[in-house]
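Participant: Any chance you could fold what I've pasted below:
(4 chains)
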Number of protein chains: 2
Amino acid sequence: MASEVPRVEQRLRADAARNLARILEAAHVVLAERGSEASMAEIAARAGVGTATIYRRFPTKDDLLAAMFEQGVARLAAEAAAAAEAKDVGRALRQFMQRAAAAHMQDRGYCDCAETNLKLRPEIQRRFEELIANADRLLARAKEAGEVREDVNAYDLPVLLMAVAHAGLLLEERVPGAWKRYLDIVLDGLRPEAARPLSRRPLAARDLRPPG
Amino acid sequence: MASEVPRVEQRLRADAARNLARILEAAHVVLAERGSEASMAEIAARAGVGTATIYRRFPTKDDLLAAMFEQGVARLAAEAAAAAEAKDVGRALRQFMQRAAAAHMQDRGYCDCAETNLKLRPEIQRRFEELIANADRLLARAKEAGEVREDVNAYDLPVLLMAVAHAGLLLEERVPGAWKRYLDIVLDGLRPEAARPLSRRPLAARDLRPPG
DNA sequence: GGTTAAGCGGAACGACGAATTCGCTTACGA
DNA sequence: TCGTAAGCGAATTCGTCGTTCCGCTTAACC
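Facilitator: Numbering: from 1, shown residues only, chains lettered A, B, ... in the order given. The predicted model follows:
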C-alpha cells in the first residue's frame, strides 16, 4: 500500500508531486479544524498554491473530501485491527473507542463527511468494510470475555462514535473533553449487566450500501 | 404566557396577523423537514408570502430560527414536567427520552439550532433552564427508585438526546427508526447496574452560559 | 542548453442565498 | 366611505463559494 503512493507520484513532475503533498497536508489540517465547509481558497492558501492547482488533482471538492475521508476510515480500521489482537480485550475495546472518539473530535471534516453520500463511494465502502471486519473480530472476542452484551454488532460502533463525537463537538468549546463522559455512558450501555432488550434489530451491511 | 400571544397579534392589522400565523407554521414545517439551512425564500413560498413579509416580523433569519427553537425547547420542558409527575418514574423517564428523541428526529431545524449560538439568547436560556429544572425532578425521582445511576444529572439528558438524534439522522433515510436502538443502548448506560466511574465531572449551569 | 508540454496561480464567471428597497395594495378608523 | 399609514411582494444588492480560463513558468528530456 505504501509502495503505491510513490508510483502515483512518480508520474507527476517534481513540483506537481510536491504541491500534491502540500495540498493533502493542508486539506487535512484545514478540514480537520474547520470542517468540510472550509473553502477551497482556504485550503489552497494554507498549501501555498492557487485554487486551480487543487482542481488539477481533484476534479471537484467532493473528490478532495473523499480522499481525506478515506484516509480517516483507513486509520480507524487500522486501530480496530490492532485492538482486536490485544490481550485484555475489554480494555482494548474501551481504548479503541476512546482513540476513535478522540480522532473524530480532532477532525471535524471527517465527521462532516460521514454525514454525506461520500460514504457510498466504492473506495470508501471498501475501507469501511475493512473497519467493520476488524471491529467485528474485536467485538466477538469481547463478547466471549463477557465484556459486551450479545445483541450489539460491529455496525453499532461507528454509529455510537458519531453520536458521542457529535455531542462532544457541541460542548467542546465550553467544556473541553466532555465527550469522554458521554463515551463512558455509552460504553456502560454496551456492557451485559444493564442490558435490556433492544427495540430494533441490528444494522446489516446492506443498510449502509447504495439504494437498491 | 399564552395570553400574551393574542396581545401581540392584536396590535397587528388583521392581514398581518394572518400572515404571521402562516409564517410561523410554514417556518415550523419547512425548518423541521429541511433543517435551518432552508432558505427564507422557501419558507416564504410555503407561507404564501414574500420574503420581505417575514423580515418585517423577524429582523434576521436568526430571529426566526430563535423563535422556532424556543418553541421546541418549551415543548421539551413541558414533556419533562409531565414525566416528572408520573407514577412509574422509570417508565416515565424512558418514555420522556423516547418522545424527546422522536421530536428531535422530526425537527432537523431544532437539532441544527441546538448546535449554534442561538442557545445563548436569554429567552432561550430561560426555556432551557425550565427544561433542566423539570428534568432534574424527573431524574431525582428515578434515582430514588434505583432506576438511574447516581452520577448523571439533568444536563446530561439534552446532550444524550442530541447524540442519539444525530446518529439517528445519519441512518434515518436507509434504516428508519434506527435511533430507537441507540437510545436503548444509551438508556441502558444510564442504569445503575453497569455503572463504572465516569471520567469527567458532570456539566453545570455555568458550562452552558455565555462566556465570562 | 533548448524545446516542449505539463504545471501553475490569480482573476473571472455563474449560481445562490441573505438582506434591503421600492412602488403598489389594502385594512382600519374617523 | 375615504384618507392614510401599515403591509405587501418582486426585484435588487451584496457577498461567498465552487469552478474554469488563460497567459506565464519551469521541470523533464534529448
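
Participant: what's whatever residue of chain A ends up closest to chain B sitting at in phi/psi?
Facilitator: For chain A, the residue closest to chain B is A:Gly189, as judged by C-beta to the nearest C-beta, at 2.9 Å. For the C-beta atoms, the positions are set from N, CA and C on the backbone; glycine is no exception. A:Gly189 adopts backbone torsions of phi -70, psi -20, taken as degrees, to the nearest 10.

Participant: before we move on, what about A:Leu208?
Facilitator: The phi/psi pair for A:Leu208 (degrees, to the nearest 10) is phi -110, psi 10.

Participant: So A:His166 is in contact with A:Tyr110, correct?
Facilitator: No - applying C-beta atoms under 8 Å as the test, A:His166 and A:Tyr110 come out as separate, 11.8 Å apart.

Participant: Quick one: distance of the biggest helix by length in chain A to the chain centre.
Facilitator: Ranked by residue count under DSSP state H, the longest helix found in chain A is helix A:61-85. Its chain's average C-alpha position is 5 Å from that of helix A:61-85, according to C-alpha atoms, centre = their mean, to the nearest Å.

Participant: Past it, which element shows up next along the chain?
Facilitator: helix A:89-105 (DSSP states H and E).

Participant: Give the buried residues for the longest helix of chain A.
Facilitator: Using 16 or more other C-beta atoms under 10 Å in any protein chain shown as the test for burial, helix A:61-85 gives A:61-62, A:64-77, A:79-81, A:83-84.

Participant: again, but for stretch A:18-33
Facilitator: In stretch A:18-33, counting by 16+ other C-beta under 10 Å, buried: A:19-20, A:22-24, A:26-28, A:30-32.

Participant: so how far is B:Arg94 from A:Ile54?
Facilitator: Distance from A:Ile54 to B:Arg94, counting by C-beta to C-beta, to the nearest Å: 50 Å.

Participant: and what of A:Met97?
Facilitator: For A:Met97 relative to B:Arg94 (C-beta to C-beta), the value is 24 Å.

Participant: and what of A:Met162?
Facilitator: 23 Å.

Participant: ok, those two, which is more surrounded?
Facilitator: A:Met162 (23 against 19; other C-beta atoms under 10 Å in any protein chain shown).

Participant: need the contact list for that one.
Facilitator: A:104, A:111, A:114-115, B:166-167, B:170 (C-beta atoms under 8 Å, 6 or more residues apart in numbering or on different chains).

Participant: can you map out the helices along chain A?
Facilitator: A:4-10, A:14-34, A:40-47, A:51-57, A:61-85, A:89-105, A:108-114, A:122-144, A:156-172, A:178-189.

Participant: Compare the mean pLDDT across those and name the weakest.
Facilitator: When the helices of chain A are compared on mean pLDDT, helix A:4-10 scores lowest, with a mean of 45.

Participant: Give me the neighbour count for the residue nearest to A:Glu144 when sequence neighbours are not counted.
Facilitator: Of all residues not flanking A:Glu144 in the chain, A:Val89 sits nearest, at 7.9 Å (C-beta to C-beta, 6 or more residues apart in numbering or on different chains). Applying other C-beta under 10 Å, we find 22 residues neighbouring A:Val89.

Participant: so who does A:Val89 touch?
Facilitator: Here A:Val89 is in contact with A:138, A:141-142, A:144-145, A:147 (C-beta under 8 Å, 6+ apart).

Participant: Which of these ranks first by neighbour count?
Facilitator: Neighbour tally across these (other C-beta under 10 Å): the maximum, 26 neighbours, falls on A:Leu138.

Participant: circling back to that earlier point, restricted to buried residues, select the contacts of A:Met162 in ChimeraX.
Facilitator: Buried residues within the contacts of A:Met162, by 16+ other C-beta under 10 Å, are selected in ChimeraX with:
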select /A:104,111,114 /B:166,167,170
